[in-house]
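Novice: No letters, just coordinates:
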Ligand SMILES: [Zn+2]
């Protein structure tokens, strides 16, 4: 297992130990580059399929529409509406965001390791970036919380660069490992999500990756509200409760094996923390230390 930084090739230093996967209860380590700040989950399981079995579907369902609309408003801010132009959504999941893009006039294409569900909705989805026809160019390419799941995020962003039209825009959203939540909750932070998140970015490492891949950042944002709020509420609970992610699972329509009293305690605590978390999220965003980092970039000249 290579323990050097993917971006600047420096040896990684210890960052967090005993980071537990809430689904399999396996423990992982996170190491971090002392130069650019890119952090990496170790080890990288050879077969990640087992770690995704209970992962798909229902995630953040109660705010899914709000999330989708906000992302399309970001796309409109930096690219305008589609007007028949091409958009590529890398790691498109169930295809919800592609449908929203199509409704806004984009000719949308997606990539997804498990392409069955979006294909069944009639969407144009390939299973691997490498399958993209070399001549195909896009006016907008998006990674909505997918870059941190990839085995080689630098290679993926370089491929995106090769397939972006000269005036195109790249949009990337990732959890912010340099934000207040990441610092406050340490190994209990919800958005570490090991080992599904193989890499963990902060402002400096994202800026370094974009530069190395041939991009110039255009604009940064420091929040995706429901990710940030859930990150605060659930991480607070995980730090003190015996079972992780009971609140998140309950409101996402998934069950967790726990005693009824623990479940009720998590639900009550989660609702209270979601209310208390609103000012915390707004303050951390204002300080540019939110739970999420979103960046729009153009190809560097
Ligand atoms: Zn580095």
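Specialist: That came through, no problem. Because the structure is predicted, anything quoted here is derived from the model rather than measured. Numbers count the residues shown, from 1 in each chain.
Novice: switch to C-alpha atoms for all contacts and neighbour counts from now on
Specialist: Fine.
Novice: burial of residue 264, as a residue count?
Specialist: 14 (other C-alpha atoms under 10 Å).
Novice: Then residue 152?
Specialist: By other C-alpha under 10 Å, neighbour count at residue 152 equals 13.
Novice: What is the three-state secondary structure of the nearest residue to it once chain neighbours are set aside?
Specialist: Spatial nearest neighbour of residue 152, chain neighbours left out: residue 6 (8.0 Å); criterion: C-alpha to C-alpha, 6 or more residues apart in numbering. Reduced to three states with DSSP: H, G, I helix; E, B strand; the rest coil, the structure at residue 6 is coil.
Novice: Give me the distance between stretch 32-50 and the centre of its chain.
Specialist: Relative to the mean C-alpha coordinate of its chain, stretch 32-50 is positioned 14 Å out (C-alpha atoms, centre = their mean, to the nearest Å).
Novice: Got the phi and psi for the residue nearest to residue 152?
Specialist: phi -70, psi -30 (degrees, to the nearest 10).
Novice: can you list contacts of stretch 16-25?
Specialist: Stretch 16-25 is contacted by residues 26-31, 51, 54, 186-188, 193-195, 244-245 when judged by C-alpha atoms under 8 Å, 6 or more residues apart in numbering.
Novice: mind redoing it with 6 Å?
Specialist: Stretch 16-25 is contacted from outside by 26-30, 187, 194, 244, using C-alpha atoms under 6 Å, 6 or more residues apart in numbering.
Novice: on that earlier part again, what's the burial count for the residue nearest to residue 152?
Specialist: The tally of other residues near residue 6 (other C-alpha under 10 Å) stands at 20.
Novice: Could you report the distance from it to the ion?
Specialist: 7 Å (C-alpha to the ion, to the nearest Å).
Novice: In terms of pLDDT, where does residue 22 sit?
Specialist: Looking at residue 22, its pLDDT stands at 89.
Novice: Would you agree it falls within a helix?
Specialist: No. Residue 22 is assigned coil when assessed by three-state DSSP, not a helix.
Novice: measure it to residue 221 for me?
Specialist: From residue 22 across to residue 221, the span is 29 Å (C-alpha to C-alpha, to the nearest Å).
Novice: Next, the contact list for the nearest residue to residue 146 once chain neighbours are set aside, please.
Specialist: Excluding its sequence neighbours, the residue lying closest to residue 146 (C-alpha to C-alpha, 6+ apart) is residue 91, at 5.3 Å. Counting by C-alpha under 6 Å, 6+ apart, residue 91 touches 111-112, 146.
Novice: And the strands in the stretch 101-250 of the chain, which stretches?
Specialist: 107-111, 124-126, 138-144, 164-175, 199-200, 215-221 (DSSP state E, counting those that start in this stretch).
Novice: Tell me which of these sits most buried.
Specialist: Across those, the average number of neighbours (mean count of other C-alpha atoms under 10 Å) peaks for strand 199-200, which reaches a mean of 28.
Novice: ok now that strand, how far from the chain's centre?
Specialist: Using C-alpha atoms, centre = their mean, the mean C-alpha position of strand 199-200 is found 10 Å from that of the whole chain.
Novice: Same check on stretch 199-218?
Specialist: 15 Å.
Novice: same check, this time on stretch 37-52
Specialist: In terms of C-alpha atoms, centre = their mean, the centre of stretch 37-52 is found 14 Å from the chain centre.
Novice: Now do the end-to-end distance for it.
Specialist: Start-to-end, stretch 37-52 (C-alpha to C-alpha) is 27 Å.
Novice: Could you do stretch 11-27 as well?
Specialist: Per C-alpha to C-alpha, the first residue of stretch 11-27 is 22 Å away from its last.
Novice: if you look at it, does any of it touch the ion?
Specialist: No. Against the ion, stretch 11-27 shows no contacts by C-alpha under 5 Å from the ion, the least distance being 7.9 Å.
Novice: So which bits of that stretch are buried?
Specialist: Within stretch 11-27, the residues that qualify as buried are 12-13, 15, 19-23, counting by 16 or more other C-alpha atoms under 10 Å.
Novice: Can you give the distance of it from its chain's centre?
Specialist: 18 Å.
Novice: Stretch 96-107 now?
Specialist: 19 Å.
Novice: who touches that stretch?
Specialist: Contacts of stretch 96-107 (C-alpha under 6 Å, 6+ apart): 68, 82-86, 108.
Novice: Reformat those residues as a markdown table; add pLDDT.
Specialist: Putting those into a markdown table (pLDDT from 0 to 100) gives the following:
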| residue | pLDDT |
| --- | --- |
| 68 | 90 |
| 82 | 95 |
| 83 | 96 |
| 84 | 95 |
| 85 | 98 |
| 86 | 98 |
| 108 | 98 |
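Novice: Of the residues you listed, grab the buried ones for PyMOL.
Specialist: With 16+ other C-alpha under 10 Å as the criterion, this PyMOL line picks the buried residues out of those:
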select buried, resi 68+82+86+108
